[in-house]
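Undergrad: Mind looking at a prediction? Sequence and model below.
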Amino acid sequence: MVSIDMSLLVQIVNFLFLIWALNLVFYKPIRNILVQRRLKISGLEDGARRLNQDTEEKDRALKEGLRQAREKGVAEKAMFEQEARNQEKQLIEKINEKARADLAQIRERITRETETARAALQKEIEAFADEISRKILGRAV
């Protein structure tokens with residue numbers, strides 16, 4: 001049979017002292033290291049999460065910047081095309097005006113030359129008519 005005497009009390013005190021000593025020497029430092037590691041890991045996870053968010057935000061900003069640049073480029077291209085069309089219209093209009101002016105000058109010159117030729121031919125017609133009359137009639141008219 002088991003007798004409960006002083007040795008049981010010594011064993012309980014010894015057990016409690018051993019738990020206190022092990023807790024002080026081994027368990028608390030290990031728990032502190034585990035807590036520090038947990039804090040470090042959570043800090044690293046937060047850092048990684050922030051970096052991912054920053055990367056996503058920068059990616060969105062880059063895409064938005066590219067979209068805006070494309071829109072600006074398309075708008076500038078349209079503006080340049082419209083400006084080119086306007087310049088083309090102005091150039092064609094100037095060419096048409098010059099062509100009309102040249103045509104008017106040519107018509108005027110042709111009219112003058114025609115009048116000059118007509119006047120010269122009119123003089124010659126009278127001379128030819130006299131010559132033909134003289135030849136037909138055989139005498140001067």
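TA: Ah, there it is. Numbering: from 1, shown residues only.

Undergrad: Next, the spatially most central residue of the chain: secondary structure please.
TA: Nearest to the geometric centre of the chain sits Arg70, at 2.7 Å (Cα atoms, centre = their mean). Three-state assignment for Arg70 (DSSP: H, G, I helix; E, B strand; the rest coil): helix.

Undergrad: show me where pLDDT drops low in this structure?
TA: 1-2, 140-141 (pLDDT under 70).

Undergrad: Which residue ranges of it form helices?
TA: Listed in chain order, the helices found in the chain under DSSP state H are 6-22, 28-137.

Undergrad: quick one: the last one to helix 6-22, angle?
TA: Read it as helix 28-137. 30 degrees (axes from the mean of the first three to the mean of the last three Cα atoms, to 10 degrees).

Undergrad: what distance separates helix 28-137 from the centre of its chain?
TA: 16 Å (Cα atoms, centre = their mean, to the nearest Å).

Undergrad: re the thing from before, and the residue nearest to the centre of the chain, what does it touch?
TA: Arg70 makes no contacts at all, as judged by Cβ atoms under 8 Å, 6 or more residues apart in numbering. (C-beta placed from N, C-alpha, C; glycine too.)

Undergrad: That's all I had, so thanks and see you.
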